[in-house]
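>>> Need a 3D model of the sequence below.
(one chain, ligands or ions: 1)
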Amino acid sequence: MKKRVLVIVSGGIAAYKSCDIVRRLQDAGCDVRVCMTADATQFVGPITFEALSHHPVLTNLFDFPESPNPHIMMASWADLCLVCPATADIMAKVASGIADDCASTTVLAFHTPVLFAPAMNVHMWQDAATQANVQLLRERGYGFIMPTSGLLACGDVGEGKLADVPEIVGCVLKVLESKRDLAGKRILVNAGPTHEAIDSVRYIANASSGKMGFSIAEAALDRGAEVVLVAGPCPLPTPEGAERIDVVSAQDMYDACTAAFERCDAAICSAAVADYTPRAKADHKLKKSVEHIESIELVETKDILAELCRTKGTRIVCGFAAETNDLVEYAQAKRERKGADMIVANDVSRSESTFGSDTNHVSLVTAAGVEELPTMPKPQVANAILDRISALLSERA
Ligand code: CTP
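The predicted structure follows:
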């Protein structure tokens, strides 16, 4: 069956771009309906959208030929609602629950994904009230296709330009295709390396890029989860919508993860946490005063994965194991020793799954057995891991 999209057009000059978006969504196989605010009809006539969509356009709740409750009808008809362009006004209304016209009432009636594609003057966009509304809407699970910077219709230059049409269409299709099986779940993901200080400028680290954990965070967000991403030092951009907590050392990561796990349903420990840390950390830069340093004494770090497993109750905890030989045996032993529900076993002797690569070759080790996955890009591996986490969460529900 065709995917159904409701496009809500609010009153901004970028409204003309929504004509193209309607066409492109149809080209991609979607059935599209349109709802317009009164202000939007000042920019583009409803007849244009009616001709493009082959459906009556909703502009007035009390005068719609197909239903006496058009807002409810639209909300139950559509698989997704795109508010484009989204003005400061429509976002403020939805954020405060105001339903005083056909657009705001319809958004409120939606229970499937709603995406906002904002467009407005740079100062209106940067206004504290607008930013607070965006933040609030995100926390409530609304999606955003963020505006870009450039020359705005009013002549100002800055942020507030509607995202590019292909990007908007791509986002809509991605959300339509994505599973929403993790909606209502909050997942803790840790990622990246840790840095263990020797003195105030030197540290012991490892080569983890953080890519696998960041891919998991992004995929979980796409599937509707809230994500707390505890990240060791790595320069990757924060996946849109994630709550990121940056940490440096294994101890910092332990503190952040144990605290965050209290409000999560599952944890995925992909971070390459240092197993050892220097016993003494000089609070100043050590001088090169001797010819050679005999040794740096290292002490064991706290095991985050083991601690989360100890306190998890019926929640799900998944760890990683990087091995070079006897992959599955070591991973199964690690799973049992730490009490994890699943271990993602990673053969780091293979070129396609070394630290920093864009692909990974893993086996998923659970109490039920072992599943070896083919070599895949990390975002696909992330989704395969989440398929198992989702199944484990449903089993425990
Ligand atoms: N881990 C952790 N806290 C640590 C060390 C590791 O949470 N202080 C987690 C990693 O995030 C990963 C898993 O444990 O999920 C990796 O197992 P690890 O303990 O590093 O393997 P080892 O027990 O050290 O086994 P090995 O001898 O193979 O290194």
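
>>> contacts and neighbour counts: CA atoms only from here.
Noted.

>>> can you give me the helices for the stretch 201-350 of the chain?
211-222, 250-261, 304-311, 327-338 (DSSP state H, counting those that start in this stretch).

>>> how far out from the middle of the chain is the third one?
On the basis of CA atoms, centre = their mean, to the nearest Å, helix 304-311 sits 24 Å off its chain's mean C-alpha point.

>>> Likewise for stretch 298-313?
26 Å.

>>> list the buried ones in it?
301-302, 304-306, 308-309, 312 (16 or more other CA atoms under 10 Å).

>>> Next, format the helices of the stretch 201-350 of the chain as JSON lines and append distance to residue 393 and mean pLDDT.
Supplementary listing: the helices of the stretch 201-350 of the chain in JSON lines, determined by distance: least, CA to CA, whole Å; pLDDT from 0 to 100:
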{"stretch": "helix 211-222", "distance to residue 393": "13", "mean pLDDT": "96"}
{"stretch": "helix 250-261", "distance to residue 393": "15", "mean pLDDT": "98"}
{"stretch": "helix 304-311", "distance to residue 393": "15", "mean pLDDT": "98"}
{"stretch": "helix 327-338", "distance to residue 393": "18", "mean pLDDT": "96"}
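
>>> can you redo these as CSV with distance to residue 158?
Converted to CSV, these look like this (distance: least, CA to CA, whole Å):
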stretch, distance to residue 158
helix 211-222, 27
helix 250-261, 36
helix 304-311, 43
helix 327-338, 51
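
>>> so which of those helices gets nearest the ligand?
Among the helices of the stretch 201-350 of the chain, the nearest to the ligand by CA to the nearest ligand atom is helix 304-311 (3.6 Å).

>>> Which residues does the closest one contact?
Here helix 304-311 makes contact (CA atoms under 8 Å, 6 or more residues apart in numbering) with 253-254, 257-258, 261, 267, 269, 317, 319, 338-340.

>>> I'd guessed residue 245 sits against residue 231; true?
Yes: counting by CA atoms under 8 Å, residue 245 touches residue 231, with 6.2 Å between them.

>>> Between those two, which is the more surrounded one?
residue 231 (26 against 15; other CA atoms under 10 Å).

>>> Now for the more buried one: which residues touch it?
190-192, 210, 244-247, 253, 271.

>>> re earlier: among the contacts of helix 304-311, list the two that are farthest apart in space.
253 and 339 (19.6 Å; CA to CA).

>>> neighbour count winner among those two?
residue 253 (25 against 20).

>>> Now do the same contact list for that one.
In this structure, residue 253 makes contact with 194, 230-232, 247, 304, judged by CA under 8 Å, 6+ apart.

>>> Now do the helices in the stretch 51-200 of the chain.
Going by DSSP H, counting those that start in this stretch, the stretch 51-200 of the chain shows helices at 70-77, 88-95, 102-109, 122-126, 128-139, 165-177.

>>> tell me, how many neighbours does residue 217 end up with?
32.

>>> Okay, residue 72 and the ligand: tell me how far apart.
46 Å (CA to the nearest ligand atom, to the nearest Å).

>>> I meant residue 132, not that one.
Taken as CA to the nearest ligand atom, the span from residue 132 to the ligand is 34 Å.

>>> For that residue, report the pLDDT, please.
Per-residue pLDDT puts residue 132 at 97.
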